[in-house]
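**Student:** Have a look at this prediction, sequence included:
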Amino acid sequence: MSRTFRQYSVIPGFGLTLGYTITYLSLIVLIPLSMLFFRTAGMGWERFWSTISDPRVVASYKLTFGASLIATLINVVFGGIVAWTLVRYKFPGKTLIDAMVDLPFAIPTAVSGIALTAVYSKNGWIGQYLEPMGFKIAFAYPGVVVAMTFIGLPFVVRTLQPAIEDLHKENEEASASLGATRLQTFRYVILPAILPSLLTGFAMAFARALGEYGSIVFISGNLPMKTEITTWIITQKLDQYDTEGATAIALVMLLSSFAVLFTINAIQWWISQRHRGVS
Amino acid sequence: MSGDAKVARNDSQLPGSQQPASDLQADVKIRQPATRFRGATEEPVWIRYSLIFLTVSFLVFFLFLPLLSVFAEAFRKGVNAYLAAFNDRAALAAIKLTLITAAIAVPLNIVFGLAASWSIAKFEFWGKSFLLTLIDLPFAVSPVISGLIFVLLFGAQGLLGPWLTSQGIQIIFAVPGIVIATIFVTFPFVAREIIPLMHEQGTEEEQAAITLGANGWQTFWYVTLPNVRWALLYGVILCNARAMGEFGAVSVVSGHLRGKTNTLPLHVEILHNEFNFVAAFAVASLLALLGVVTLAAKIYVESRVRSTSTSEDLSSLDH
Amino acid sequence: MSIEVKHLSKTFGSFKALEDVSLRVNDGELVALLGPSGSGKTTLLRIIAGLETPDPNPESEILFHEAHVTASPVGKRGVGFVFQHYALFRHMSVYDNIAFGLRVRPRANRPSRESIRDRVNHLLKLIQLEGFGNRYPSQLSGGQRQRVALARAIAVEPQVLLLDEPFGALDAKVRKGLRDWLRRLHDEIHLTSVLVTHDQEEALEVADRVVVMNKAKIEQVGTPEEVFHQPASQFVMEFLGQVNIFRCRVKAGTASLGTLTFEYPNYQESSEKDAIVYMRPHDLEIKRRQRNEPGLMAKVSRLNPAGAFARVFLHADGVDEIQVELPQDQYRELALSPGDVVYVYPKNARVFVPDFVI
């Protein structure tokens, strides 16, 4: 059988638009991104390894991955509650509250960064109450977590909302009619149904937190070995004209976020396969 | 069971009597006060109210308060201090550069978005889902890395750097670099909004237009484009917000030359690092305002999309 | 305007949608392409329209009025195409939908604003939707939408009208009304038309000729009467209307099913062969007593008197369930009840010897 590249269609313009799409994509995205690999390849393994395993860099990985994980877990819990409340309940001002979820998307990261710093620093609206109690947020580890949570929240909420909307109420009714409590229904009926979306939201929020820069660098304070995130290290290397060092670390970060997205895709594929096997 | 009971009752009634119906109503009336128990798919009231309280307070304190603080800090020393922040050559240059950047990046990504969605949504071809993944790629790349890759390509030590220098062209630490990095980070926005919608709408309307003698351009202009206009507008709004607000990528390629290669977000950073907080927040308030306008536009567009789709749903009930 | 296609084949991947199909539709005729889904009928229609291309083959030809159109694109063929799901432009009013084909013409032969208006208003009257010009498709019922789609297709004065399952998405009652209306419309404007349908009743009622398709091939072409009463193949027999199917044996010009015998002159050999006999439920008679000739003895198993005809389900030794349709007066006269023994007499039957004995 001859396998044709595309099916016949009377609609014109395929060659033109696809050609344009691929050319533009190559020029803007693919060729520039591939530079990361070429440049690292020319570096030699030893230099690459010593760059990416430098103690200061390793400290930044620990901070970035640890804080991203904490922030994303916070988002899964709170984002889950927010999504559930916005879909299932009616209350005054809901449209406005719903719109607020997108604030971290809509506001430039530099603005979020200085605003979070202002709110959580010693004299800030929230910081002035927390710091006397011993919770130092700005210019410390928690500040990084706060910024990452802020930036990741919409990813979790916006992927969960449609999934909760699509839940079949009949399933919950069936569960209740069989004598399950509301908590059991949630655990055994609702949670499995929204799990794939929860994972997607988790992956997107986590990947975003790993790569985030603007909203973190103001609140973190960038103290070496303590509150330096990896993207900050990359910019520092660039400021010192150490392009190679920056490229090596950037490659580590890029592959990490790809790995996160890939792992989650694989888990989702595994879940869907399991379900297909049952039915 | 209930069927049997009904038949039995009907037999005992005179034919044509309305008795069974009023029986039922009486039942309902009697039961109603007692049946105020919770529905099977509802949580207890106290949980419901706690969740609503949690959601509202979390969003207000965590998301809204920082936004409010931008304006509070900006006006901390009064309106005059606020306005003074804009009465500055560097600030005005930053506004101008930001507008120029968006004015180049957004139209380019609109053209790309329309071309990509036409080829992807209206045709079936091999490797389509892979292409879709590639289009989403910039979303998965850290802003800092997005800037870095252009340094690697166009920078002094970059692949094309020596050649560009010999030609007297500077891209990195200059306006072209800022524009290109912005195009990269805003690349998927328009395409992503239109592709799913165009795909869902199928190709029948286009086929109809072509059987009626329309050419490709007429089909696109009169049939396809109007059908996706709200999604396009939404994509453009998001693309524009990101183009004007991008920080990380632009920061890497800009070189921070005050009054020359500073966009608004970079200007905010400089002012903040100089402890000139009022000015920093004043400029930031402009960007925050852009974010609020973006959100408002989003709500409006979504309500438009929803209203057109519900009218469609209603009519499908009658046949 | 006549339509003729010769030696058309079409494959999608490994699926054969059409296999060497040839067909002629005469000027002014309304022809129905009838078949189950996947039989290739829609593919044939779309190839005639130019929405699909046939597999490359030098013998393939598509002729409109004896002129080749094989290479001309859909917009140049002068066809009006009506889509199953209407394909109305959702953001345009009814008026703009109908006017579209006229407005997109090159400036040189585009009608004036006034003549477009006159034509659209005339068509609105024709489809009985006067005063609906400002409505949007979403504000119309399914039947109204399909009429708009039809008006839009004929607004450009096509030389042929092609309809792809035009009433498929509508409910039974609306479908019946629109079908009658379409037939009347065709009698008025005499546009050469091809209609695709999987509904045999629709095809038999509306069309001048019916093309029965199955598995990428044409099984039979004929008037509704011909295809119904003289089916050319087992498939046509089974596809059109209800039918009782029995396995039987054929030998020396005669097929036998239990005590019943049927003439089958096509097979004169003396060795016995498997065959199949088809009998329509309304072609069977039921008698309480055996007549002179032998009938098939059967036992009544189920009765369903609701409907224009009463249906009787019988069971006989060696055959599956037999379904008989009786006029209501005959049914009352017989006064059957389950368990009764009766005799079945076929008024009409068709025997086919399968090409392949399974």
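**Tutor:** Good, I have the coordinates.

**Student:** In this structure residue B:61 contacts residue A:126, no?
**Tutor:** Yes - the pair residue B:61 / residue A:126 is scored as a contact, 7.3 Å apart, by CB atoms under 8 Å. Placement of C-beta: from N, CA and C, glycine included.

**Student:** More neighbours: the two, which one.
**Tutor:** The residue with more neighbours, out of residue B:61 and residue A:126, is residue A:126; 21 against 13, by other CB atoms under 10 Å in any protein chain shown.

**Student:** Pretty sure residue B:66 is one of the things the more buried one touches, is it not?
**Tutor:** No - Residue A:126 is beyond contact range of residue B:66, at 9.4 Å (criterion: CB under 8 Å).

**Student:** Need the residues touching each of the two.
**Tutor:** residue A:119 (CB atoms under 8 Å, 6 or more residues apart in numbering or on different chains).

**Student:** In chain A, where is pLDDT below threshold?
**Tutor:** Under the criterion pLDDT under 70, the flagged ranges of chain A are A:1-4, A:275-279.

**Student:** how does it divide into domains?
**Tutor:** A:13-42, A:44-278 (automatic domain parsing).

**Student:** Point out the most buried one among those domains.
**Tutor:** domain A:44-278 (a mean of 19; mean count of other CB atoms under 10 Å in any protein chain shown).

**Student:** Spell out which parts of the stretch 1-150 of chain B neighbour chain C.
**Tutor:** Within the stretch 1-150 of chain B, no position lies close to chain C (CB under 8 Å from any CB of the partner chain).

**Student:** For chain C, what's the nearest residue on the stretch 1-150 of chain B?
**Tutor:** Closest residue of the stretch 1-150 of chain B to chain C, CB to the nearest CB: residue B:124 (10.5 Å).

**Student:** tell me the contacts of residue 261?
**Tutor:** Looking at chain A here, since you left the chain open. Counted by CB under 8 Å, 6+ apart, residue A:261 has contacts A:203, A:204, A:207, B:140.

**Student:** not quite, I wanted chain B
**Tutor:** B:97, B:173, B:174, B:175, B:178, B:254, B:255.

**Student:** The fourth one contacts residue B:100, correct?
**Tutor:** Yes - the pair residue B:175 and residue B:100 passes the contact test of CB under 8 Å, sitting 7.4 Å apart.

**Student:** more crowded one of those two?
**Tutor:** Per other CB under 10 Å, whichever of residue B:175 and residue B:100 has more neighbours is residue B:175, with 18 against 14.

**Student:** ok, so what distance separates that one from residue A:141?
**Tutor:** 38 Å (CB to CB, to the nearest Å).

**Student:** The stretch 201-350 of chain C: helices as residue ranges?
**Tutor:** Using DSSP state H, counting those that start in this stretch, the helices of the stretch 201-350 of chain C run over C:224-229, C:234-239, C:328-334.

**Student:** wait, which of those helices is closest to residue A:217?
**Tutor:** helix C:234-239 (73.1 Å; CB to CB).

**Student:** That closest one packs against which elements?
**Tutor:** With contacts defined as 3 or more CB pairs under 8 Å, 6 or more residues apart in numbering or on different chains; DSSP states H and E, helix C:234-239 has these neighbours: strand C:209-214, strand C:217-222, strand C:273-279, strand C:350-352.

**Student:** Check the average confidence over that helix, would you?
**Tutor:** Across helix C:234-239, pLDDT averages out at 90.

**Student:** dump the residue contacts of residue C:39.
**Tutor:** C:213, C:214, C:215, C:216.

**Student:** got a list of what the first one touches?
**Tutor:** With contacts defined as CB under 8 Å, 6+ apart, the neighbours of residue C:213 are C:33, C:34, C:35, C:39, C:40, C:41, C:44, C:219.

**Student:** now those in CSV, with pLDDT?
**Tutor:** Output for these, formatted as CSV (pLDDT from 0 to 100):
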residue, pLDDT
C:33, 96
C:34, 95
C:35, 93
C:39, 92
C:40, 93
C:41, 94
C:44, 95
C:219, 94
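
**Student:** neighbour-wise, which of the contacts of residue B:261 leads?
**Tutor:** residue B:178 (31 neighbours).

**Student:** Which helix or strand contains it?
**Tutor:** helix B:175-186 (DSSP states H and E).

**Student:** other SSEs contacting that helix?
**Tutor:** helix B:89-122, helix B:143-154, helix B:229-245, helix B:248-254.

**Student:** how far out from the middle of the chain is the second one?
**Tutor:** Between the mean C-alpha location of helix B:143-154 and the chain-wide mean there is a distance of 25 Å, by CA atoms, centre = their mean, to the nearest Å.

**Student:** got any ranges where the stretch 101-250 of chain C has weak pLDDT?
**Tutor:** Ranges of the stretch 101-250 of chain C meeting pLDDT under 70: none found.

**Student:** For it, which segments are assigned as strands?
**Tutor:** C:160-164, C:192-197, C:209-214, C:217-222, C:244-251 (DSSP state E, counting those that start in this stretch).

**Student:** can you put these in a markdown table and add distance to residue C:60?
**Tutor:** Formatted as a markdown table, these follow (distance: least, CB to CB, whole Å):
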| stretch | distance to residue C:60 |
| --- | --- |
| strand C:160-164 | 18 |
| strand C:192-197 | 18 |
| strand C:209-214 | 17 |
| strand C:217-222 | 15 |
| strand C:244-251 | 37 |
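
**Student:** Not counting sequence-adjacent ones, nearest residue to the residue of the stretch 51-200 of chain A found nearest chain C?
**Tutor:** Per CB to the nearest CB, residue A:165 is where the stretch 51-200 of chain A lies closest to chain C, at 22.4 Å. Leaving aside its sequence neighbours, residue A:165 sits nearest to residue A:87 (CB to CB, 6 or more residues apart in numbering or on different chains; 5.5 Å).

**Student:** so who does that neighbour touch?
**Tutor:** Per CB under 8 Å, 6+ apart, neighbours of residue A:87: A:161, A:164, A:165.

**Student:** Show me those residues that map onto helices.
**Tutor:** A:161, A:164, A:165 (DSSP state H).
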